[in-house]
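Visitor: following is a predicted model, sequence given first.
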There are 2 protein chains.
Amino acid sequence: MQIAILLFDGFTALDAVGPYEPLEGLPDAEIVFVAEQAGPVRTHTGHLALTADRTLAEVTRPDIVVVPGGPGQTGQMDNARLLDWLRAVDATSTWTTSVCTGSLLLGAAGLLEGRRATTHWLGLDMLRTFGAEPTGERVVFDGKYVTAAGVSSGIDMALALVGRVAGDTRAQTVQLTIEYDPQPPYDAGSPQKAPKEIVEALRARTRFQQPETA
Amino acid sequence: MQIAILLFDGFTALDAVGPYEPLEGLPDAEIVFVAEQAGPVRTHTGHLALTADRTLAEVTRPDIVVVPGGPGQTGQMDNARLLDWLRAVDATSTWTTSVCTGSLLLGAAGLLEGRRATTHWLGLDMLRTFGAEPTGERVVFDGKYVTAAGVSSGIDMALALVGRVAGDTRAQTVQLTIEYDPQPPYDAGSPQKAPKEIVEALRARTRFQQPETA
């Protein structure tokens, strides 16, 4: 089973590695990191590079597609080569998935029209631009499309996907292997739970660009 | 503030990237990925490489050291260059930290003698070999030494560390930014919670090598 995880400049590392780790627990998982050009691809701070081992042209029929988000997502919203690739691999994928603002790229490719979906909490309204219906859920399954909320939610998404693909016992084995028994030291992980002033401060300093101006 | 994240062949990606993401939220964070040789360093399946931008020799006084674990940890237990580097950077670090079996490397370097510590649940007994006292906690602070349990626990560890270093508001801001409001689809993340047959199956197929035979 081939699983393609997309990389682009300025992606968020945990968006990609959060799903990577549980998906490695799928039977016969062949995970490939893919980008327009092969080689190191950096996060938005430049502090970390993951290697894309394959170019888009080399990965044509993955069973599962994972699209991370991150600050660099806005710069890809009118990247025809990347959006064409998403449409092409989606035509034969078993599952097309995203984490964080990766769903905005799926939306820009026209893949979320009429579907329930999610993204980073700061970008939820943007989903409507693509004809999708934003939900407040952390992981949204709509047919073969699976979208997850911000950054860390990709772990939950991938575990749920392992369960769908390979059964509950396999998913629980993966969860125990990665000791995913989360105990956050604070309870500020969603805009409903975080102190209001922190929510407002993040809203004030973050502006998602509309696709027509990206 | 310089934060050095160690890489070695066969490390577990989420052990390193789980802490990376929250630690990027520290003020003036300069995160450097470091390994014996600069260049791509692969996980144990070979499916993913992270780039080490610096060699051990180039990183001499990080404020925070993060040591991930993974299947490749056993092969490093008698790597004198790596253990010497751990001892050298620990001499001036503000915080020396680990995720998963990374604490066994700290132990092998002699840094956990007489300290409370943790590691992946399958490796807890090994900590005694190094004079450390294993605990069942997910994140253990003992002076400047911070050890975390298996794989995904590095996110909890790093959030707690951001709180200690930069205050609760900063840590909560980071938590909301990465939308860390975990909702695992199963409740099998610890040996106390997972179905007994899954725990036993993992115990049966995993044998941590004693350091003298590693």
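Guide: Yep, that arrived.

Visitor: quick one: list the elements packing against the helix or strand bottoming out on mean pLDDT in chain A.
Guide: Using mean pLDDT, DSSP states H and E, the weakest-scoring helix or strand in chain A turns out to be helix A:196-205, at a mean of 95. With contacts defined as 3 or more CB pairs under 8 Å, 6 or more residues apart in numbering or on different chains; DSSP states H and E, helix A:196-205 has these neighbours: helix B:168-177. (Glycine included, C-beta is placed from N, CA and C.)

Visitor: could you export the helix it packs on as PDB, CA atoms only?
Guide: C-alpha atoms of helix B:168-177 as PDB (Å, rounded to 0.1, in the frame of the first residue of the first chain):
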ATOM      1  CA  ASP B 168       2.000  29.700  30.900                       C
ATOM      2  CA  THR B 169       0.600  32.200  28.400                       C
ATOM      3  CA  ARG B 170       3.200  31.400  25.800                       C
ATOM      4  CA  ALA B 171       2.700  27.600  26.300                       C
ATOM      5  CA  GLN B 172      -1.100  28.000  26.000                       C
ATOM      6  CA  THR B 173      -0.500  30.100  22.800                       C
ATOM      7  CA  VAL B 174       1.600  27.300  21.400                       C
ATOM      8  CA  GLN B 175      -1.000  24.700  22.300                       C
ATOM      9  CA  LEU B 176      -3.700  26.600  20.600                       C
ATOM     10  CA  THR B 177      -1.500  27.300  17.500                       C
END
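
Visitor: output the contacting helices and strands for it.
Guide: On a contact count with 3+ CB pairs under 8 Å, 6+ apart, helix B:168-177 meets helix A:196-205, helix B:13-23, helix B:153-166.

Visitor: how far away is A:Glu113 from A:Leu106?
Guide: Distance, A:Glu113 to A:Leu106, by CB to CB, to the nearest Å: 10 Å.

Visitor: who are the contact partners of the closest residue to A:Ala160 other than its chain neighbours?
Guide: Of all residues not flanking A:Ala160 in the chain, B:Pro185 sits nearest, at 4.4 Å (CB to CB, 6 or more residues apart in numbering or on different chains). Residues in contact with B:Pro185 (CB atoms under 8 Å, 6 or more residues apart in numbering or on different chains) are A:139, A:156, A:159-160, A:163, A:171.

Visitor: pull out the buried members of these.
Guide: Among the contacts of B:Pro185, those classed as buried by neighbour count (16 or more other CB atoms under 10 Å in any protein chain shown) are A:139, A:156, A:159-160, A:163, A:171.

Visitor: which one of the residues you listed is nearest to chain B?
Guide: Chain B lies nearest to A:Ala160 out of the buried ones among the contacts of B:Pro185, by CB to the nearest CB, at 4.4 Å.

Visitor: the closest one reaches A:Arg138, doesn't it?
Guide: No. At 9.6 Å, A:Ala160 and A:Arg138 do not qualify as touching, with contact defined as CB atoms under 8 Å.

Visitor: any weak-confidence spans in chain A?
Guide: In the predicted model, chain A carries pLDDT under 70 at residues A:207-214.

Visitor: mind telling me what element A:Pro182 is part of?
Guide: Secondary structure assignment for A:Pro182, by DSSP states H and E: no helix or strand.

Visitor: give the contact list for the closest residue in space to it that isn't next to it in sequence.
Guide: Nearest residue to A:Pro182 in three dimensions, chain neighbours excluded: B:Pro182, at 3.8 Å (CB to CB, 6+ apart). B:Pro182 makes contact with A:152, A:155-156, A:180, A:182, A:184, A:189, according to CB under 8 Å, 6+ apart.

Visitor: residue contacts, the most far-flung residue of chain A relative to its centre?
Guide: The centre of chain A is farthest from one residue, A:Glu197, which by CA atoms, centre = their mean lies 27.4 Å away. Neighbour list for A:Glu197: empty [criterion: CB under 8 Å, 6+ apart].
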